[in-house]
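Asker: Following is a predicted model, sequence given first.
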Amino acid sequence: MLRNLLTLRQISQKSISTASRRQVTNKVPELQKHFQEDNGIPVYLKGGTMDAMLYRTTMILSVFGTGYLLYVLFNAAMPKKNN
């Protein structure tokens, strides 16, 4: 019984520890240099291929959404003919 209590005490002390085991390097200065570099690329595309794909997808969805909105408004504005 005492052994179980001591084991439980050790486990609880280890899990509450706030100290990190490995140090994380600060990448912010490197990223600031990369994004503030004046190379003619807009800041929203400097992240690479994934940023370009996300930008193009957003533009396609925006154009499609605007076209669909105009289609729905046009259909709502025109009354249906009853035969």
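Answerer: It's in. Residues are numbered from 1 along each chain as shown.
Asker: Show me the shaky parts of the chain.
Answerer: Within the chain, the stretches with pLDDT under 70 are 5, 12-21.
Asker: repeat that with 90
Answerer: Applying pLDDT under 90 to the chain picks out residues 1-24, 34, 37, 39, 41-45, 47-48, 79-83.
Asker: starting at the chain centroid, how far to the lengthiest helix in the chain?
Answerer: Longest helix of the chain, by residue count under DSSP state H: helix 49-77. Helix 49-77 sits 20 Å away from the centroid of its parent chain (CA atoms, centre = their mean, to the nearest Å).
Asker: go on, stretch 27-38?
Answerer: The answer for stretch 27-38 is 19 Å, by CA atoms, centre = their mean.
Asker: Same question for stretch 1-9.
Answerer: Its chain's C-alpha centre and that of stretch 1-9 lie 45 Å apart, by CA atoms, centre = their mean.
Asker: Which of the three states applies to residue 38?
Answerer: Secondary structure, DSSP: H, G, I helix; E, B strand; the rest coil: residue 38 is coil.
Asker: how many other residues sit next to residue 80?
Answerer: 6 (other CB atoms under 10 Å). For every residue, glycine as well, the C-beta is placed using N, CA and C.
Asker: For it, which three-state class applies?
Answerer: coil.
Asker: And it, how close does it get to residue 58?
Answerer: 35 Å (CB to CB, to the nearest Å).
Asker: cool, and residue 33?
Answerer: 26 Å.
Asker: From the contact counts, what lies against the longest helix of the chain?
Answerer: Packing partners of helix 49-77 (3 or more CB pairs under 8 Å, 6 or more residues apart in numbering; DSSP states H and E): none among the helices and strands.
Asker: Output stretch 54-68 as PDB, nothing but the C-alphas.
Answerer: What follows is stretch 54-68, C-alpha atoms only, in PDB (Å, rounded to 0.1, in the frame of the first residue of the first chain):
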ATOM      1  CA  LEU A  54      -4.500  29.300 -50.600                       C
ATOM      2  CA  TYR A  55      -4.600  32.700 -52.300                       C
ATOM      3  CA  ARG A  56      -5.700  31.200 -55.600                       C
ATOM      4  CA  THR A  57      -8.400  29.000 -53.900                       C
ATOM      5  CA  THR A  58      -9.700  32.100 -52.100                       C
ATOM      6  CA  MET A  59      -9.900  34.100 -55.300                       C
ATOM      7  CA  ILE A  60     -11.700  31.300 -57.200                       C
ATOM      8  CA  LEU A  61     -14.200  30.900 -54.400                       C
ATOM      9  CA  SER A  62     -14.800  34.600 -54.200                       C
ATOM     10  CA  VAL A  63     -15.400  34.900 -57.900                       C
ATOM     11  CA  PHE A  64     -17.700  31.900 -57.900                       C
ATOM     12  CA  GLY A  65     -19.600  33.200 -54.900                       C
ATOM     13  CA  THR A  66     -20.100  36.600 -56.500                       C
ATOM     14  CA  GLY A  67     -21.300  35.000 -59.700                       C
ATOM     15  CA  TYR A  68     -23.700  32.700 -57.800                       C
END
